[in-house]
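In: Compute the structure for the input listed below.
(chains A and B)
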Amino acid sequence: MRFLNSKIGRLTVMSAAIASLGIMATAAKADRLADVKKAGILHCGVVPGVPGYAFPNKAGKMVGFDVDLCRAIAAAVLGDADKIKTTKMKLPVAFNAMKAGTVDVVTHRFTWTFARDVGQGLDFTRVMVFDGQGFMVRKSLGVKSAKELDGATFCMSAGATTQGNVSDYFRKNGMKFKQVTFGSMGEAQKAYDAKRCDAFCTDKFGLGARRLAMTNPDEHMILPETISNEPISPMVGHGDQVWKDIVVWTFNALIAAEEFGITSKNVDKMRSSAKNPFVQRILGTTGKFGAKIGLGKDWAYNAIKAVGNYGEMWEKHLGKDSRLNMPRGKNVLHTKGGLLISPPFR
Amino acid sequence: MEPILAPFKMPQPAPYQSKGLLGWLRINFFSSWFNSLITLVLIYIIFNLANFLIHWAFINAVWFGDSAKSCPDINAACWAFVTDRWRLFVYGLYPSELYWRVNIVYALAALTIISFLYSYGRWTKYFRITMIIIFPITAYIFLVGDAFDLKYVAPEEFGGLLLTLVIASIAILGSIPLGLILALGRTSDLKVISKVCTYFIEFWRGVPHIVIIVMFVALLPIFIPDGAGIDVVVRAFIAFAAFNSAYMAEVFRGGLQSIPIGQFEASRAIGMSYWKMMGYIILPQAIRNSIPALMNTCIMIFKETTIVMLIGFSDLLGIIQISLESSDWIGPPHIFSSAYTFAALIYFIFTFGMSKYSRRLENRSNIEQQ
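Out: Model (predicted):
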């Protein structure tokens, strides 16, 4: 019966812990940078679900746009992009994990919204993808615009900003709709393909990939309207400004690198010979920018060397070099009429 | 006197052939026009189904390729997805340079299972006991590492079939002894122990498994500051063993209650202590009576491991689902129907093996009883 006693013992400990939940301070780590350096590994939360962002490849390694964002931070902080540990999470769990401090950064495609940013113990870092929600319908439906979708049934995934956007859009236009919600985007997509709904909606960069997964992709079309703006940003825990600065400026460096023509291939040459003072400051040949955020002087150099600049990352995982072949949309540099801009390194 | 004539008999037709293949066919399939019709219709259906399946799964199927583009025919299986990603299905996200460690564990597991299937004289018992003790320890050392110069691999990296098997074995092997103890406790005369065991069982049985899993994995770290935090996978293992032990306890209680009261009284009458009575008289009979229900529960546990998907783990089914949405393989439904067929086949192989083994156990214990 000793077993039993110890079982009871364990149960008691557990229930005591649960009972005292209000009293115990949740784990808001004070110095994330020191923790990461001490652990020698960066913990990233990712949510597999949108093609191109975070998926295991053939050999069982996680790859994708979200994973490269994480690798960039690891390269900047630890000098080695492979020192990451990706935790695959389901959507609602991702927020809890961030609040509980079990991961250092969540690089999943979360839309930056007021409700998520404020009072949740989370901080959004900087917009890495400007997306917007759109609709996919069957061509046979004979609809040319989202305005003609009055009374339509929608397949969508729960827990995303999708539902709110659709209901806002339809209310604004005085139309009615029905919705069928699913646990994941994949399930919603299969249900739409099986004709359970008239339309499928999600962010436009997801729609393109989802169309490939239809029984007959040519039967479907994406409507021209973009009904929402979805600024997508990685998240860190609230309250550690130093850590947030590191993450934000690593991302800035990736965008600035594209602006100044630094790529993963020419980064060594640029470091030794570039005359542009911005490039010199980014790559650590002049100024002490790394030291100011607690990192080595070649922090941005390491990040760019590991994952390339923003454009390279895009083409590799989402654009021309991948099967998805998505156009960059608004995600081009401000100099080319896009929305990507990095505050100056000065 | 007129002679008595035997009534004249018309010549009878030859009797139906009732022996041999033709006779068997006639009796079982063509005994009347209606049965003949049913037979013909069924033959037609089976032929078409088999024809379709063979074309779908073999003749038109694509066996090799590296993206959804290699499977353009939506009316044929796409095994290329399976052959391209099989490493993921077997090893999950385990570091590829350390696959040999997993292979050793798989080999040891196979050896352990084989040792239970065949008998080889008087050493059988000792060999089985040795394997049972050695296997979990070696498996832990090889899989997790961090000992004898083996590199540490976090349990979170496990995935695919490896994770499914690890969770299932821990849940099954952990819940059987725990369940036995709980069943003994519940049927005990000692009020306190009986009450505690009853509430424990009722609690775990009464709460949906999904709630327990999410509670253990997602919410516990919020309640307990991370000093007390046990690894997330280990927490899932504990949760699995805990709620399954409640089911096991009820299975064993059923077995215990099937033993006539006379057996208890007789053992007591010859002066046996509680433990001797249980160990020598009651449990051997009770466990034998519980075998069908026990194996039923084991099969359920094995299939139920898929709910770890909900907390972001990639067991066999989970990793297949994730891989289906990777940018290389996202594609028309025939790809995922092939993938799910493959998953179903793997699950079936394991559960069918378990049910076969349970039949063997039953037969053997019936022989011993006679």
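
In: pLDDT of stretch A:277-285, averaged?
Out: For stretch A:277-285, the mean per-residue pLDDT is 90.

In: again but with stretch A:43-57, I slipped
Out: Stretch A:43-57 comes out at a mean pLDDT of 86.

In: chain center to that stretch, what's the gap?
Out: 9 Å (Cα atoms, centre = their mean, to the nearest Å).

In: That one: end-to-end distance?
Out: 19 Å (Cα to Cα, to the nearest Å).

In: can you check stretch A:338-346 too?
Out: 22 Å.

In: and the nearest residue to A:Pro224 once chain neighbours are set aside, what is it in contact with?
Out: In this structure, A:Pro224 finds its nearest non-sequential neighbour in A:Ser145, 6.8 Å apart by Cβ to Cβ, 6 or more residues apart in numbering or on different chains. For the C-beta atoms, the positions are set from N, CA and C on the backbone; glycine is no exception. Residues near A:Ser145 by Cβ atoms under 8 Å, 6 or more residues apart in numbering or on different chains: A:Leu223, A:Pro224, A:Glu225.

In: any low-confidence regions in chain B?
Out: Residue ranges of chain B with pLDDT under 70: B:1-3, B:218, B:221-230, B:367-370.

In: What residue in it comes nearest to chain A?
Out: B:Ser326 (3.7 Å; Cβ to the nearest Cβ).

In: wait, isn't A:Asn165 in contact with A:Ile227?
Out: Yes. Using Cβ atoms under 8 Å, A:Asn165 makes contact with A:Ile227 at a distance of 5.8 Å.

In: which residues are in contact with both of the two?
Out: A:Gln133.

In: Below-threshold pLDDT in the stretch 151-300 of chain A: ranges please.
Out: A:159.

In: How about the residues of it by chain B?
Out: Neighbours of chain B within the stretch 151-300 of chain A, by Cβ under 8 Å from any Cβ of the partner chain: A:Met185, A:Gly186, A:Lys190, A:Asp193, A:Ala209, A:Arg210, A:Leu212, A:Ala213, A:Met214, A:Thr215, A:Asn216, A:Pro217.

In: element containing the residue nearest to the last one when sequence neighbours are not counted, please.
Out: Computed as Cβ to Cβ, 6+ apart, the closest residue to A:Pro217 that is not its neighbour in sequence is A:Arg211, at 5.2 Å. Assessed by DSSP states H and E, A:Arg211 sits inside helix A:204-212.

In: got it, and A:Lys320?
Out: Per DSSP H and E, there is no helix or strand for A:Lys320.

In: B:Ser31 now?
Out: Judged by DSSP H and E, B:Ser31 forms part of no helix or strand.

In: Give me the neighbour count for it.
Out: 13 (other Cβ atoms under 10 Å in any protein chain shown).

In: for it, phi and psi?
Out: The phi/psi pair for B:Ser31 (degrees, to the nearest 10) reads phi -70, psi -20.

In: same question, A:Lys85
Out: phi -130, psi 120.

In: wait, what's in contact with it?
Out: If you count contacts by Cβ under 8 Å, 6+ apart, then A:Lys85 has A:Ile41, A:Leu42, A:His43, A:Cys44, B:Ala154, B:Glu156 around it.

In: doesn't B:Val234 make contact with the last one?
Out: Yep, that's B:Glu156 we're talking about. No. The criterion here is Cβ under 8 Å, and B:Glu156 misses it with B:Val234 at 9.9 Å.

In: Looking only at neighbour counts, state which of the two leads.
Out: When B:Glu156 and B:Val234 are compared on other Cβ under 10 Å, the one with more neighbours turns out to be B:Glu156, at 21 against 14.

In: for A:Val63, phi and psi?
Out: Dihedral angles (degrees, to the nearest 10) for A:Val63: phi -140, psi 160.

In: so how many other residues sit close to it?
Out: 21.

In: Give me the neighbour count for the closest residue to it other than its chain neighbours.
Out: Among residues not flanking A:Val63 along the chain, A:Asn57 sits closest, at 4.9 Å (Cβ to Cβ, 6+ apart). Number of residues near A:Asn57 (other Cβ under 10 Å) recorded here: 17.

In: my guess is A:Asn57 meets A:His317, correct?
Out: No. Counting by Cβ under 8 Å, A:Asn57 stays clear of A:His317, with 11.1 Å between them.

In: anything in contact with each of those two?
Out: Joint contacts of A:Asn57 and A:His317 (Cβ under 8 Å, 6+ apart) are A:Val63.

In: ok, back up a step: go through the contacts of A:Lys85 and flag which are in helices.
Out: Per DSSP state H, helices hold no members of the contacts of A:Lys85.

In: Out of those, flag the one nearest to B:Ala57.
Out: Set against B:Ala57, the nearest of these by Cβ to Cβ is B:Glu156 (35.0 Å).

In: and the closest one, what does it touch?
Out: A:Lys85, A:Thr87, B:Asp231, B:Val232, B:Val233, B:Phe313 are the contacts of B:Glu156 under Cβ under 8 Å, 6+ apart.

In: Contacts only, for the one residue in chain A that gets nearest to chain B.
Out: Proximity of chain A to chain B (Cβ to the nearest Cβ) peaks at A:Phe55, 3.7 Å away. Counting by Cβ under 8 Å, 6+ apart, A:Phe55 touches A:Pro48, A:Met62, A:Val63, A:Gly64, B:Ile322, B:Ser323, B:Glu325, B:Ser326, B:Ser327.

In: about what we covered before: quick check: the residue nearest to A:Pro217 vs A:Phe65, distance?
Out: 19 Å (Cβ to Cβ, to the nearest Å).

In: got the domain boundaries for chain B?
Out: Per the record, chain B has its domains at B:95-153, B:156-365, by automatic domain parsing.

In: and the first one, is it in reach of chain A?
Out: If I follow you right, that is domain B:95-153. Yes. Judged by Cβ under 8 Å from any Cβ, domain B:95-153 comes into contact with chain A at B:Pro95, B:Ser96.

In: end-to-end on that domain?
Out: Note: domain B:95-153 ends 8 Å apart using Cα to Cα.
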